[in-house]
Structure formats: C-alpha cells, structure tokens
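Peer 1: Predicted model follows, preceded by the sequence.
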Amino acid sequence: MNFDYLIFQKINNLAGQCSWFDKLMVFLSEDLIYLMVIFGLVYLFFAYQKNWKKILKVILAIIFSRGIITEIIRFFYYRPRPFLTHQVISLVHHDISGSFPSGHMMFIFPLIYFVALANKKMGWVFLVLGVLMGLARIYVGVHYPFDILFGIILGILSAWFVEKISPKIKWLN
C-alpha cells in the first residue's frame, strides 16, 4: 500500500462520524475558496493602495498556476480521483477530472503568496486557511495528500515565477 493512499485513508475514514464536522469540512473544501478570494483580493487592493497593476499580477499568477500549469500537467498525466479507484467516504459530488495537482490549491496558493508578501501576519492566516482547505479536500474524498502538497508547492512556485518575471513586463510596472 502506498504512503499517499495510507494517509488518505486515515483522513477520509474520519468522515461520516459526526454530521456537524462533516458539514464544516464540506464548507472548507468547497466554499471557503470563494471567501478567501473575495477577502484576499479586497485586502490586496487596499494593501497595494489601489494599485491595479499589482492586483493584475496576482490575477495573472492565479491564471498561470491554475489555468496553465495545472492543465498542462493534467493533459500529460491523469491521476484518477480517490473515489474512482477506491472505496471512499465521499461527502461531495465531483466530476472525474484529474486529481493531480489539486486545482483548488493551484488557485488559492498564488493568492496566499501575494497576501503574505503584503502582510506576513495576514499571510499566516491565509496559509492556515489554505492548508485547512486542502485537508478538507482529502477528508471529503476528492484528493490524495500528494495532490494537495504538490498543488501548494506548484501554486507558490507559480506566484514566485510571476513575481520574478513581472519587472520585465512593461505593462505590469
């Protein structure tokens, strides 16, 4: 049995034992991302003193991470979601798109990166929320731990890359 699946089982087997906790985890796995995006972009808008070019950089990092890198990886490597290959406790309905890397993590972690650049304390709050979202995605049965881990790493690297190349792009300065 591989380590990734073993960790998945340990987390997913907790599902279905407490209805209020299941509801919390469903919220964290599906709805928290919307609140984080709204609050994160509003926060950055004011933290960057209404500088639209900096907000555009954040949006480009998210598009690069989730819209390009994730889709390229999924085009060349398809990893079925846990509920397709194993018996899992599934708390949400999800399509059969690839599981690796986590699209949620690839979307939210570039935002978390830029929030942390603007304010370390707020960055820690967003980081904790992002990790909780990732754990919840495992709990509800739609991702393996490595999907989450690599989504976090690649999301951060994507944001870092956009941050590093942005000085070379005239319309972002």
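Peer 2: Now that the structure is in, tell me what you want to look at. Numbering: from 1, shown residues only.
Peer 1: what comes into contact with stretch 38-58?
Peer 2: The list of residues contacting stretch 38-58 from outside it, by Cβ atoms under 8 Å, 6 or more residues apart in numbering, reads 110-112, 114-115, 118-119, 122, 126, 162-163, 166, 171-173. The way it works is simple: take the backbone N, C-alpha and C, and place the C-beta from them, glycine included.
Peer 1: Kindly indicate the member of the residues you listed with the most neighbours.
Peer 2: Neighbour counts for those peak at Pro110, which has 30 neighbours (criterion: other Cβ atoms under 10 Å).
Peer 1: quick one: average confidence on the helix or strand containing that one?
Peer 2: For Pro110, the element it lies in under DSSP states H and E is helix 103-118. The average pLDDT for helix 103-118 rounds to 97.
Peer 1: which helices and strands does it pack with?
Peer 2: In this structure, helix 103-118 makes packing contacts with helix 32-47, helix 52-62, helix 120-139, helix 145-165, judged by 3 or more Cβ pairs under 8 Å, 6 or more residues apart in numbering; DSSP states H and E.
Peer 1: So what angle separates the directions of it and helix 32-47?
Peer 2: In this structure, helix 103-118 runs at an angle of 20 degrees to helix 32-47, with axes from the mean of the first three to the mean of the last three Cα atoms, to 10 degrees as the basis.
Peer 1: then helix 103-118 to PDB, C-alphas only?
Peer 2: Coordinates of the C-alpha atoms in helix 103-118 are reproduced here as PDB (Å, rounded to 0.1, in the frame of the first residue of the first chain):
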ATOM      1  CA  GLY A 103      -6.800  22.800  -8.700                       C
ATOM      2  CA  HIS A 104      -8.000  24.400  -5.500                       C
ATOM      3  CA  MET A 105      -4.500  24.600  -4.200                       C
ATOM      4  CA  MET A 106      -3.100  25.700  -7.500                       C
ATOM      5  CA  PHE A 107      -5.700  28.500  -7.500                       C
ATOM      6  CA  ILE A 108      -5.500  29.700  -3.900                       C
ATOM      7  CA  PHE A 109      -1.800  29.500  -3.100                       C
ATOM      8  CA  PRO A 110      -0.700  32.200  -5.600                       C
ATOM      9  CA  LEU A 111      -3.200  34.500  -3.800                       C
ATOM     10  CA  ILE A 112      -1.800  33.400  -0.400                       C
ATOM     11  CA  TYR A 113       1.700  34.100  -1.600                       C
ATOM     12  CA  PHE A 114       0.900  37.700  -2.500                       C
ATOM     13  CA  VAL A 115      -1.100  38.200   0.700                       C
ATOM     14  CA  ALA A 116       2.000  37.100   2.600                       C
ATOM     15  CA  LEU A 117       4.200  39.500   0.600                       C
ATOM     16  CA  ALA A 118       1.900  42.300   1.600                       C
END
